[in-house]
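Engineer: Sequence first, then the predicted structure:
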Amino acid sequence: MKSSVVAVLFGMLAIATATVYFQEQFDDNWESRWVKSKSKESEGTQGTWDLSHGKYYNDAQKDKGLHTTTDARFYQITAEIPHKFSNRDKDLIIQYSVKHEQRIDCGGGYIKLLPSGLNQETFNGDSTYNIMFGPDICGSSTKKTHVIFTNKGKNHLVKKDVKAESDEWTHLYTLVVKPDNTYKVFIDQKEISSGSLKEDFDILLPKQIKDPNAKKPSDWVDAKQIPDPTDVKPEGWDDIPAEIADPDAKKPSDWDDELDGEWEPPMIDNPEYKGEWAPKMIENPAYKGEWIHPMIDNPDFVDDNSIYAFDDNKFVGFEIWQVKAGTIFDNIIVTDDQAEADKFAELTKATQEGEKKMFDKEEEEKRAKEAEKVPETEETEDEHEGHDHDKDEL
């Protein structure tokens, strides 16, 4: 009985300590909470935002999200987190939905977590941030999810390739950062990448470096193959010209030797020409293998178990460039509790289910209309046979 009471109390304590630092569903009062940057207004490249649920949705009001509206523009906007927070000794979860309804060809869709001191009206790409997370698409070569951590004024991009979604449907992106310096990335609540901040980012200096005093021995042989010293160039090899006169060419009938000079046939590649001779290659009997530079402990390496921690988190924002606009952001949550993030994810799940249902209904209606179309000039086989029968009777 006592253990049960302890378990209940512990569970209540866990619930009580869960914190949602920020969440946003973009209702009609969203502009009272978000500040649009003016940093690109003088250049005429500042994009404008509105709310949209897109073509397919579940609930016309609840599914409205922050929407980019104009092609080839910068989009820069931030919202203040009510209370500055630190994620030291806690999990940090950043989660939001992205819908590239325009089937984005080149542009960002990432969110930023920023520290205090930000001037929201001048927010731009040079503004200091703590974490940048989310999809970045440009052509067929760049389709990745950015995971970037700032440490001592320098931004560090994950060294792994983390995939991203680029279709026109809503997708939920989640980043989980833990106090043991590990991270996980989820898309639609399915893990797509995970690892260590120490190993997957160049935040810390390497533990080992190449020995600066070590040099490859002068007599080291690292050529796997050498020319065969016994191979001899065949006799007459160099006597074969690279080009010959075209044997099929004929002097034009209107060619005048006195006026045009002596006619010469054009030159063509000689099919007998074998190219410049080179001896065949053989295995090098003196080969010692590839020389490996010996490693030593890096005297400048300093371990740091707190690289996951940001003691000053005060804003969230979007700072992106889009060639083709139309992206919708929604259902943002920043919390230290996975259960809270999962609960908030239900909003996006409902949107996704509604999108599919709406799309499937539209497709079904299209198929029904196509099936109803019967060309007036077509006759059924029975009708055709009936006409022939009438002719026979006449």
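Structural biologist: Happy to help now that I have it. All values derive from a computational prediction rather than experimental measurement. Numbering: from 1, shown residues only.

Engineer: Would you enumerate the residues in contact with Pro206?
Structural biologist: Residues in contact with Pro206 (C-beta atoms under 8 Å, 6 or more residues apart in numbering) are 298, 301. Using the backbone N, CA and C atoms, a C-beta is placed for each residue, glycine as well.

Engineer: what kind of secondary structure is it in?
Structural biologist: coil (DSSP: H, G, I helix; E, B strand; the rest coil).

Engineer: and the gap between it and Leu157?
Structural biologist: 17 Å (C-beta to C-beta, to the nearest Å).

Engineer: And for Ser32?
Structural biologist: For Ser32 relative to Leu157 (C-beta to C-beta), the value is 34 Å.

Engineer: Look at the two and report which has more neighbours.
Structural biologist: Leu157 (14 against 8; other C-beta atoms under 10 Å).

Engineer: Just give the closest residue to the more buried one, not the sequence neighbours.
Structural biologist: Closest residue to Leu157 apart from its sequence neighbours, by C-beta to C-beta, 6 or more residues apart in numbering: Ile148 at 5.1 Å.

Engineer: Name the residues that touch the host helix or strand of that neighbour?
Structural biologist: Ile148 belongs to strand 142-151 when assigned by DSSP states H and E. Residues outside strand 142-151 that contact it (C-beta under 8 Å, 6+ apart) are 110, 128-137, 155-158, 161-164, 166, 173, 175, 183, 185, 187, 192-193, 197, 201, 203, 307.

Engineer: and the longest strand seen in the chain, what does it pack onto?
Structural biologist: Longest strand of the chain, by residue count under DSSP state E: strand 73-85. Contacts defined by 3 or more C-beta pairs under 8 Å, 6 or more residues apart in numbering; DSSP states H and E place strand 73-85 against strand 20-24, strand 34-36, strand 313-322.

Engineer: Okay, now the sheet partners of the second one, with direction.
Structural biologist: Strand pairing for strand 34-36, using DSSP bridges, gives strand 73-85 (antiparallel).

Engineer: still on that earlier bit, can you tell me which of the helices and strands packed on strand 73-85 is packed in deepest?
Structural biologist: Greatest average neighbour count among the helices and strands packed on strand 73-85 goes to strand 313-322 (a mean of 23), per mean count of other C-beta atoms under 10 Å.

Engineer: who are the neighbours of that strand, in terms of helices and strands?
Structural biologist: Going by 3+ C-beta pairs under 8 Å, 6+ apart, strand 313-322 lies up against strand 20-24, strand 65-68, strand 73-85, strand 106-108, strand 111-114, strand 327-335.

Engineer: if we compare these, which one ends up closest to Trp263?
Structural biologist: strand 106-108 (57.5 Å; C-beta to C-beta).

Engineer: Now do the buried residues in that closest one.
Structural biologist: 107-108 (16 or more other C-beta atoms under 10 Å).

Engineer: could you show me where the helices are in the chain, in order?
Structural biologist: Applying DSSP state H to the chain gives helices spanning 2-17, 197-200, 257-260, 338-372, 381-393.
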